[in-house]
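> Okay, predicted coordinates and the sequence, questions at the end:
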Amino acid sequence: MSLARLRGETVDARLWVPVEQVESQALTQLRNIASLPWVAHVAVMPDVHFGKGATVGSVIGMRGAVSPAAVGVDIGCGMGAVRTSLGASDLPENLRGLRSDLEAAIPVGFAAHQELVRPQDPELGAELGDLLDGFDDLDPSVKDLRGRAGKQLGTLGGGNHFIELCLDTEERVWLMLHSGSRNIGKTLAEVHMARARKLKHNRALADPDLAVFLAGTEEMSAYRRDLEWAQRYAMLNRRLMFDLYAGVVRSHFPDVRFDEPVLCHHNYVAEETHHGEQLLVTRKGAISARAGQLGVIPGSMGTRSYIVRGLGNPESLHSASHGAGRKMSRGEAKRQFTVKDLAEQTAGVECRKDGGVLDEIPGAYKPIEQVMEYQRDLVEVVAELKQVLCVKG
């Protein structure tokens, strides 16, 4: 059951976190969302925090409308995890060499590959070709980004994106990563958010950033086309990185075997039926948690992460949190913490421990254990992971 309700003019938002633990800016955003004339349901995840337009950690079901801000600028951002045949005893005492090889194989930050990635899996190669063939159908404003978009496939990006090597409670080794749709997804999102703000039906909204597209319009069709392409791009980006990651691991452990990956978006749109009604559902910082569906909920770079199985809770629109969620801004984290704090909070993890990643310090995030406790009726834990290596952009 949800822990609280927040009244809006159209619907009440259901919260899986005590309302007093949500910052006032986020509560204002949630009230604005719950007051949109098209909204049918709003579910708020326990990792909720302030975002642009819509809060991060919000699940919004609308009738015949979509707000690009309720998806976010990193369209298709999400997680992946792969269990391997390796055990903790197979790993060397020092993981710096493995981290160095990973950073050489997978560009991070603003970087890209020098040429298009050629995956070993032919099926993956065919999907890559098909995706890029669809580039010319995208909004004309991004036509000059084709080359860059291609070379950024199979790259990590920056911010809170990461590549990790983890151990579960049975000492099995897992590969895990968090990534999105890179610059092309961000650019497409910003193009359509700006377009939505100019539409007549959005002029009276309390927050212009919540502007929506309406079903049956050219603007909605154009957005859905570009959105779906960017979601495919983001998923393929993760799969290509796993292909590269597996190659690096195989170079260190030739006999390693890999299970099928668990993959999930947490910034996306889907057409779904809830409470007997077909809705356009946006999840911004939330995963789908249908009954039996596997997902990944990460903590920060020094805490636990979880492989989960959905419980199909109808109140949450079959959703769960996407992670721990920030409890302070990046700027505030840099003011409050030092590089020494970062080293202490990531003790035992082979990772960067410099000022460039200080805003990603574990102390800037909510306690993942509390987040998981609040959503016991949304997911069950399948595996609990703890990283031993982390690559940040």
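Ah, there it is.
> could you pull out the helices for the chain?
24-33, 96-105, 122-133, 146-151, 182-197, 218-252, 330-336, 339-345, 368-374 (DSSP state H).
> Please produce a markdown table containing those, extended by mean neighbour count and distance to residue 159.
In short, each C-beta sits where N, CA and C put it, glycine included. Shown next, in a markdown table, are the helices of the chain (neighbours: other CB atoms under 10 Å; distance: least, CB to CB, whole Å):
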| stretch | mean neighbour count | distance to residue 159 |
| --- | --- | --- |
| helix 24-33 | 19 | 19 |
| helix 96-105 | 15 | 16 |
| helix 122-133 | 14 | 23 |
| helix 146-151 | 16 | 18 |
| helix 182-197 | 21 | 11 |
| helix 218-252 | 20 | 14 |
| helix 330-336 | 13 | 8 |
| helix 339-345 | 16 | 16 |
| helix 368-374 | 18 | 18 |
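> how far is the longest strand belonging to the chain from where the chain is centred?
The residue-count maximum for a strand in the chain (DSSP state E) belongs to strand 379-392. Centroid displacement of strand 379-392 relative to its chain, using CA atoms, centre = their mean, to the nearest Å, is 15 Å.
> quick check: angle from it to helix 218-252?
70 degrees (axes from the mean of the first three to the mean of the last three CA atoms, to 10 degrees).
> Check the model's average confidence along strand 379-392 for me.
Averaging pLDDT along strand 379-392 yields 97.
> and it, what does it pack onto?
helix 96-105, strand 162-168, strand 172-179, strand 294-297, strand 304-310 (3 or more CB pairs under 8 Å, 6 or more residues apart in numbering; DSSP states H and E).
> distance of the residue nearest to the spatial centre of the chain from residue 307?
Closest residue to the average C-alpha location of the chain: residue 78 at 3.2 Å, with CA atoms, centre = their mean. Distance of residue 78 to residue 307, computed by CB to CB, to the nearest Å: 14 Å.
> For stretch 43-57, list every residue counted as buried.
43-57 (16 or more other CB atoms under 10 Å).
> Alpha carbons of that stretch, in PDB - could you do that?
Written as PDB, here are the backbone C-alpha positions of stretch 43-57 (Å, rounded to 0.1, in the frame of the first residue of the first chain):
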ATOM      1  CA  ALA A  43       2.400   7.000  -8.400                       C
ATOM      2  CA  VAL A  44       5.400   8.400  -6.600                       C
ATOM      3  CA  MET A  45       8.400   6.100  -5.900                       C
ATOM      4  CA  PRO A  46      10.400   6.100  -2.700                       C
ATOM      5  CA  ASP A  47      13.500   7.600  -4.400                       C
ATOM      6  CA  VAL A  48      11.500  10.700  -5.500                       C
ATOM      7  CA  HIS A  49      13.300  14.000  -5.900                       C
ATOM      8  CA  PHE A  50      13.000  17.300  -7.700                       C
ATOM      9  CA  GLY A  51      13.500  17.300 -11.400                       C
ATOM     10  CA  LYS A  52      12.900  19.500 -14.500                       C
ATOM     11  CA  GLY A  53       9.100  19.700 -15.000                       C
ATOM     12  CA  ALA A  54       8.300  16.300 -13.600                       C
ATOM     13  CA  THR A  55       9.900  14.800 -10.500                       C
ATOM     14  CA  VAL A  56      12.400  12.000 -10.800                       C
ATOM     15  CA  GLY A  57      10.700   8.900  -9.300                       C
END
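> And the spatially closest residue to residue 333 that is not a sequence neighbour, what's its pLDDT?
Closest residue to residue 333 apart from its sequence neighbours, by CB to CB, 6 or more residues apart in numbering: residue 364 at 3.8 Å. Each residue has a pLDDT score; the one for residue 364 is 95.
> count of residues packed around residue 364?
22 (other CB atoms under 10 Å).
> try residue 278
Residues lying near residue 278 (other CB under 10 Å) number 12.
> what does the one 4 residues further on give?
Around residue 282 there are 25 other residues, counting by other CB under 10 Å.
> Tell me who's in contact with it.
Applying CB atoms under 8 Å, 6 or more residues apart in numbering to residue 282 gives the contacts 54, 58, 59, 60, 62, 66, 67, 70, 71, 268, 269.
> re the thing from before, in TSV, list the helices of the chain along with mean pLDDT.
Compiled in TSV, those are given as follows (pLDDT from 0 to 100):
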stretch	mean pLDDT
helix 24-33	96
helix 96-105	97
helix 122-133	95
helix 146-151	97
helix 182-197	97
helix 218-252	98
helix 330-336	95
helix 339-345	96
helix 368-374	97
